[in-house]
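Undergrad: Attaching a predicted model along with its sequence, questions to come.
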Amino acid sequence: MSHSPRITPDERRYLRELAVRQRACAAQPVMEERRALWYRHNALRGERPVIVMEMDTFEEDMLPAAQCTSPAAVEIERNLLRHIINCELIGDDKVVPDYYAVGWQIHLDEFGLEIPIEHATDSQGRTLGYAWKHPVKTLKADLPRLKAATFSVDRAGTRAWKSFVEEILGDILPVKIKNESLRWHVAPSAKVVSLMGLEAMMYSMLDEPDEMHALFAYLRDNILAYARWQEAEGLLTLNNDNDYTGAGSYGFTDELPAPGYGQAGPVRMQDLWLNMNSQETVSISPRMYHEFIFPYYRDIAVQFGLLYYGCCEPAHAIWADSVSRLPNLRKVSISAWCNEELMGEALRGSRVIYSRKPSPIFIGVGTDFDAEGFRQHIARTLRAARGCYLEIIFRDIYNLSGDRAKPGRAVRITRELIDEIW
């Protein structure tokens, strides 16, 4: 965002109206009940599963048409509307924040070379499809081209943007700097695919195993250097409250920050939740995962306070020998392709939360909502996870086919089933 953004008087009035609506949502008594529920849940004392309907991928179907036109006003408008619409139309267990968040403006040159991206639009004009132009052809030839990551922060730009937002709505919603730069950053296998492609990664584990280990070690070191730089610069912010800390999950906990943290800061890596996944390696064997992936993920995870592991990849095949051994593990993603019953048995009585991702097809495919099929799908989860600490997170829903009521209906049915079965 420019250091000198502009909005019109009408946009300013409208944004203040939205800020009042968000503040009203945040002040609802149910929000405090949800906060308490999340704290008990993450502390392994929860009495019922928590429910999250992640709206990011289908928000175009949920949010009203933008009333603002200037870039700065459009950004603020959408950020406010996300919370308002979720509160008014979905009613899951997300807590509407009583503040407006801005992020540090950080520049990261991760590899010292460019990875061009070619985008494609769908029939609705959305740029969902893309392809990388992979710069690494073979590791033996191209690994030396990769450079140590470099980073910088625009403090003046960040503070100017914060002051700009405060001038518009700061008397209604406080404006806070929240650092989310690591939210999806710590996924080494995804970085490998962006550099060389999925097929080349698979072949290189066989054809160039030493170089593949060197590549993962390089990525591990780059990730840790980036986090340590932020720590030294005082850029990290705590994510132990109403903060996105995993694949759809939230970080409410009294276990962080870690002992030794001073209220004057700075925040350390060990004071934070970490989000990691390795979706790209779903097709390799558990033995190869343990050899090529696990050691480098372990080295990163041990530096942080609590860990959320996984996204869409099924965890059951790599659970016993690898994922269960990751340091500080508190939540594991049980995706739509995961063996629910096996993971229920593995997690029952443990200190790891069963973070279920139901299939998105019931909400995201077709114009008709198959309520009975959905009920059976969720009921299976509730039975498989009985005796575990369970959270149900709906995500990767890309189209509502014009029916804005489907997400809220799915949440209501899930609540009914929890009351019946749990």
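TA: Great, that's in hand. Numbers count the residues shown, from 1 in each chain.

Undergrad: show me what contacts the spatially most central residue of the chain?
TA: By Cα atoms, centre = their mean, the mean C-alpha position of the chain lies nearest to residue 247, the distance being 4.1 Å. Contact partners of residue 247, counting by Cβ atoms under 8 Å, 6 or more residues apart in numbering, are 275, 277, 308, 310, 311, 333, 355, 357, 393, 395. For glycine as for every other residue, the C-beta is placed from the backbone atoms N, C-alpha and C.

Undergrad: how much space is there between it and residue 396?
TA: Residue 247 is 9 Å from residue 396, where distance means Cβ to Cβ, to the nearest Å.

Undergrad: what sits in contact with each of these two?
TA: When contacts are counted by Cβ under 8 Å, 6+ apart, the set common to residue 247 and residue 396 consists of residue 357.

Undergrad: contacting residues for the closest residue to residue 108 other than its chain neighbours?
TA: Of all residues beyond its chain neighbours, the one nearest residue 108 is residue 151 (5.1 Å), with distances taken as Cβ to Cβ, 6 or more residues apart in numbering. When the contact criterion is Cβ under 8 Å, 6+ apart, the partners of residue 151 are 106, 107, 108, 109, 226, 229, 230.

Undergrad: Pick out the one among those with the largest number of neighbours.
TA: The member of the contacts of residue 151 surrounded by the most neighbours (other Cβ atoms under 10 Å) is residue 230, with 22 neighbours in all.

Undergrad: That residue falls within a strand, correct?
TA: No: under DSSP: H, G, I helix; E, B strand; the rest coil, residue 230 falls outside any strand and is assigned helix.

Undergrad: close enough to count as contact, it and residue 181?
TA: Yes: with contact defined as Cβ atoms under 8 Å, residue 230 and residue 181 form a contacting pair (7.2 Å).

Undergrad: shared neighbours, those two?
TA: Overlap of the contact sets of residue 230 and residue 181 (by Cβ under 8 Å, 6+ apart) consists of residue 106.

Undergrad: Inside strands: which ones of the contacts of residue 247?
TA: Secondary structure assignment (DSSP state E) places 275, 308, 333, 355, 393 from those within strands.

Undergrad: May I see the residues you listed organised as CSV, with neighbour count added?
TA: Formatted as CSV, the entries for the ones in strands among the contacts of residue 247 read as follows, by neighbours: other Cβ atoms under 10 Å:
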residue, neighbour count
275, 26
308, 26
333, 30
355, 29
393, 23
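
Undergrad: Closest one of the residues you listed to residue 53?
TA: Within those, distances to residue 53 taken as Cβ to Cβ reach their minimum at residue 393, with 8.2 Å.

Undergrad: wait, what's in contact with that closest one?
TA: With contacts taken as Cβ under 8 Å, 6+ apart, residue 393 has the following neighbours: 51, 52, 54, 247, 248, 249, 355, 356, 357.

Undergrad: which ones are touching residue 349?
TA: residue 387.

Undergrad: Then residue 6?
TA: By Cβ under 8 Å, 6+ apart, residue 6 lies in contact with 70, 72.

Undergrad: and residue 37, what are its phi and psi?
TA: Here the main-chain torsion angles of residue 37 (degrees, to the nearest 10) amount to phi -60, psi -50.

Undergrad: Would you check that my belief about it contacting residue 49 is correct?
TA: No: using Cβ under 8 Å, residue 37 is not in contact with residue 49, being 9.8 Å away.

Undergrad: Please say which of these two ends up with more neighbours.
TA: Applying other Cβ under 10 Å to residue 37 and residue 49 shows that residue 49 carries more neighbours, namely 25 against 19.

Undergrad: nearest residue to the more buried one other than its sequence neighbours?
TA: Counting by Cβ to Cβ, 6+ apart, the nearest residue to residue 49 once its immediate chain neighbours are dropped is residue 390, at 4.0 Å.
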